[in-house]
Structures are given as C-alpha cells and as structure tokens.
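Visitor: sequence? don't have it. structure:
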C-alpha cells in the first residue's frame, strides 16, 4: 500500500508541476541534456564570433566569404565565393551597406550574411565570375574532422594545408566555408589558414 500511495503522490506531483506556468519543458529541452544544450549554445556563439571575424576593414590578409546574391530583376539566386576586401571595396558601397566605421560594416554583415543580397542585374552578371564551385560528393560527405585531417595539419590553434595540398582545390575552401570555418590567406606567410 505504501508503494502505491508513493506512486500516486509522484504521478500527482508530476501532473501538477507540468501544469504550472513555465513548469512544462519544451519538447526539445526535455529530451536534450543540459550538456548538449550548452554545446549547442557554445557552437552558436562560436559561429557568431567566426562570422564577425570575417568582416574586418580592408586587410592585407585575404579572408574568404561565401555569400548569396539575388538578381533584383529576375529574382535568380546564386552563391558566390569572394574575399572580404573585394566585397567591402567593390560591392558593399553599391548596395548601400555601411563600410565606415568598420564596426557598422561588421555589424551589418554579421546580421545579414545568411540572407541573399539583392543586387542590380548588371552587378549580378559581374558576380557570376565568382560563382561558388560545386563541392563534389567525395568532399561533402566527409565530416568536419575528416576534411581537416585529410587536407590539413594542425599548427597551434589553426590548420594549414598538408604539403601535398599546398594549393587546395577551391571546392575544399568552399566546403570549409559552408561548414562555418574561417578561411584566410595570411599576409605574411601567404599560406592558406583554417580556423575552427
């Protein structure tokens, strides 16, 4: 009898707790351990930090960008792979994106880089020369760890190409950008560098 009473008390407590405002957990939260939620939050913060680091003022360092553009007239879209310097100096001013101060540019681009940038048809045609390369299945099927391990070696807290991949395929760079990595060419070393 004691066990049954205890069971009823537990069920009642759960029902009452679940009915209280804010007592019921959202389905994802209930099934997701706090460590996973923390990892997801840290991942989102890391992505925001990396996204922000892509948008600096004019630099001697080359920083690669992967952006969506849309033809204002036809509505046609394409993904382009360009550099921050090119976007900042050649495209952003034409689109009314603030370029000064640098903090305004960074804030705008960080907030909008997942949206298509609507551009005049003539500019859309010009940007077609920067169309992102198709990433072959042999690369896209690799996990983040596998692509880094195959093409790069670790140097402190970043990665540089393995000797046999000193000139990595643009498809590899595109794949890394799609995965959220920061990809640069150092101004001093001239080496492709990948930051997780």
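Guide: Ah, there it is. Every value quoted in this text rests on a predicted model; they were computed, and no experiment measured them.
Visitor: can you tell me the SS state at residue 114?
Guide: Classification of residue 114 into helix, strand or coil gives coil, according to DSSP: H, G, I helix; E, B strand; the rest coil.
Visitor: neighbours of residue 118, just the number please.
Guide: The burial count assigned to residue 118 is 15, neighbours taken as other C-beta atoms under 10 Å. Bear in mind the C-beta positions are built from the backbone N, C-alpha and C, glycine included.
Visitor: quickly find the element holding it.
Guide: With elements delineated by DSSP states H and E, residue 118 resides in strand 117-119, which encompasses its position.
Visitor: name the surrounding residues that touch that strand.
Guide: Outside of strand 117-119, the residues within contact range by C-beta atoms under 8 Å, 6 or more residues apart in numbering are 67, 68, 69, 70, 71, 72, 91, 94, 95, 127.
Visitor: out of those, the closest to residue 81 would be?
Guide: Distances from residue 81 to the contacts of strand 117-119, taken as C-beta to C-beta, are shortest for residue 67 (8.2 Å).
Visitor: picking that back up, for the strand holding residue 118, what is the distance to the chain centroid?
Guide: Taking C-alpha atoms, centre = their mean, to the nearest Å, one finds the center of strand 117-119 at 19 Å from the center of the full chain.
Visitor: good, wrapping up.
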